[in-house]
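# Sequence and predicted model, in that order:
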Amino acid sequence: MSAPLYQLKAEFFKTLGHPARIRVLELLSERDHAVAEMLPEVGIEPAHLSQQLAVLRRAGLVVSRKEGATVIYSLTSPRVAELLVVAREILTGVLSGQAELLDEMRASGRTRGGG
């Protein structure tokens, strides 16, 4: 018996639940990258980056190819990049709403003498 779709979705989002993996996907959304190019951008140790890339490979989000001695990574689908854009839009909306609420609270505090 296969897992319910919601469980598979949870596993998918768990895969995305690490800042280094998100940063790698953002970089690969721009273009294919060699591991050495990603290291300074992701800001983690080489062994840790290799672990994170392995997680993304196992999840089917990235693929690698060899060009001489260099390993190049790319996204398996442009939909991954689209997902990151949608996530940014959602976060922008949430943070914008929070900023508006904060502004209202500050304005309310000034009119009532501190609050």
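Looks like it arrived, so ask away. Note that the coordinates shown come from a computational prediction; the quantities given were computed from them, not determined experimentally.

# what residues are up against residue 32?
Residue 32 sits next to 72-74 when contact means C-beta atoms under 8 Å, 6 or more residues apart in numbering. Yep, even glycine has a C-beta here, placed from its N, CA and C like the rest.

# give me that answer again for 6 Å
72, 74 (C-beta atoms under 6 Å, 6 or more residues apart in numbering).

# Give me the phi and psi for it.
When read as degrees, to the nearest 10, the backbone of residue 32 gives phi -70, psi 150.

# contacts for the helix or strand residue 14 falls within?
Counting by DSSP states H and E, the element that carries residue 14 is helix 5-15. Residues from elsewhere that reach helix 5-15 (C-beta under 6 Å, 6+ apart): residue 59.

# now the helix or strand harbouring residue 98 against helix 5-15, angle please.
Following DSSP H and E, one finds residue 98 within helix 78-111. Angle of helix 78-111 versus helix 5-15, following axes from the mean of the first three to the mean of the last three C-alpha atoms, to 10 degrees, is 80 degrees.

# List the buried residues in the helix holding residue 14.
residue 15 (16 or more other C-beta atoms under 10 Å).
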